[in-house]
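Engineer: Sequence plus the predicted model coming up.
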Amino acid sequence: MSKVMIMDHPLIQHKIGLIRKIDTGSKDFRQMISEIAMLMCYEATRDLKLQDVEITTPICTTTVKELQGKKLAIVPILRAGLGMVDGMLTMIPAAKVGHIGLYRDPETLNPVEYYCKLPADCSEREVFVVDPMLATGGSSVAAIQMLKDKGVNNIRFMCIIAAPEGLKKMQEVHPDVDVYIGAMDDHLNDHGYIVPGLGDAGDRIFGTK
Ligand SMILES: O=P(O)(O)OC[C@H]1O[C@H](OP(=O)(O)OP(=O)(O)O)[C@H](O)[C@@H]1O
Ligand SMILES: O=c1cc[nH]c(=O)[nH]1
Ligand SMILES: [Mg+2]
């Protein structure tokens with residue numbers, strides 16, 4: 001079964017409180033989504049493996065640590081996932097970035113695919129899929145399936161707000177995917193929005209409503 005990590009860092013909790021407020025405008029919302037993604041990336045990469053390497057300083061030779069194993073890629077789910085990319089890249093500047101375009105049909109709540117462009121060597125990388133919202137789970141479960149269909153098998157998923165319904169679905173369909181959650185909310189309303197949530201993340205990031 002996958003690992004689920006719910007963030008307990010005070011800075012993350014504080015910033016999530018700010019983005020929930022109805023009065024927080026796009027500029028501040030965007031800025032804080034990016035900061036939260038950076039802090040969550042720091043926490044979610046705690047278990048990356050290190051190896052010893054010999055180097056030479058200006059003074060002598062010594063042994064230092066460097067990351068071992070697979071290189072990383074970040075795959076935001078469009079649109080709202082785009083808001084998390086800058087913060088992730090601040091922590092992992094050498095990561096490659098793929099994009100998966102999905103929107104949720106407002107009537108059926110089913111995800112509709114419209115774009116997919118991944119790094120050529122994506123199947124050899126450890127991939128962080130990012131989207132601020134895990135609601136019914138339809139979008140993130142479908143995005144991860146798209147990656148698996150292209151041979152990617154080392155996947156983690158990071159969201160800022162999750163509903164229990166979405167987490168349950170993710171664990172049922174993709175039990176191999178570790179999930180990093182900023183805050184666990186209460187439930188979904190009749191329109192599939194997370195309660196208390198923060199509204200429509202994409203619209204708030206891009207100012208489209
Ligand atoms: O778990 P689900 O029920 O699938 O809902 C979550 C999805 O809904 C939102 O995207 P949306 O469809 O609003 O697209 P957008 O990012 O372009 O606004 C959100 O960013 C997730 O991708
Ligand atoms: O609450 C929700 C649910 C889906 N997508 C969002 O942006 N917000
Ligand atoms: Mg949206």
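Structural biologist: Structure's in. What do you need? Ligands and ions are numbered 1, 2, ... in the order given.

Engineer: Tell me where this protein has helices.
Structural biologist: 10-20, 26-44, 85-91, 138-149, 164-173, 201-206 (DSSP state H).

Engineer: Would you tell me which of those helices gets closest to ligand 2?
Structural biologist: helix 201-206 (3.9 Å; CB to the nearest ligand atom). Heads up, the C-betas are built off the backbone N, CA and C, glycines and all.

Engineer: Dump the helices of the chain to CSV, plus mean pLDDT and mean neighbour count.
Structural biologist: Formatted as CSV, the helices of the chain follow (pLDDT from 0 to 100; neighbours: other CB atoms under 10 Å):
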stretch, mean pLDDT, mean neighbour count
helix 10-20, 98, 15
helix 26-44, 98, 20
helix 85-91, 98, 18
helix 138-149, 98, 20
helix 164-173, 98, 17
helix 201-206, 98, 20
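
Engineer: Of those helices, which is nearest ligand 3?
Structural biologist: Nearest to ligand 3 among the helices of the chain is helix 201-206 (3.2 Å), distances taken as CB to the ion.

Engineer: What residues does residue 27 make contact with?
Structural biologist: Residue 27 makes no contacts at all, as judged by CB atoms under 8 Å, 6 or more residues apart in numbering.

Engineer: ugh, wrong one, I meant residue 1
Structural biologist: 171, 175.

Engineer: gap between it and residue 178?
Structural biologist: From residue 1 across to residue 178, the span is 10 Å (CB to CB, to the nearest Å).

Engineer: Excluding sequence neighbours, find me the nearest residue to the residue most central in space within the chain.
Structural biologist: Centroid-nearest residue in the chain: residue 130, 2.3 Å away (criterion: CA atoms, centre = their mean). Closest residue to residue 130 apart from its sequence neighbours, by CB to CB, 6 or more residues apart in numbering: residue 84 at 4.3 Å.

Engineer: what number of residues lie near that neighbour?
Structural biologist: By other CB atoms under 10 Å, 28 other residues sit near residue 84.

Engineer: again, but for residue 124
Structural biologist: 13.

Engineer: hang on, it packs against residue 71?
Structural biologist: Yes: counting by CB atoms under 8 Å, residue 124 touches residue 71, with 7.4 Å between them.

Engineer: if I pick the residue nearest to the centre of the chain, what's in contact with it?
Structural biologist: 37, 74, 75, 76, 77, 81, 84, 85, 88, 157, 158, 159.

Engineer: so what's the third one bridging to?
Structural biologist: The reference is to residue 75. In this entry, residue 75 is beta-bridged to residue 129, by DSSP bridges.

Engineer: and it, what does it touch?
Structural biologist: Residue 75 sits next to 81, 97-100, 118, 122, 127-130, 143, 147 when contact means CB under 8 Å, 6+ apart.

Engineer: cool, residue 45 as well?
Structural biologist: Contacts of residue 45 by CB under 8 Å, 6+ apart are 91, 92.
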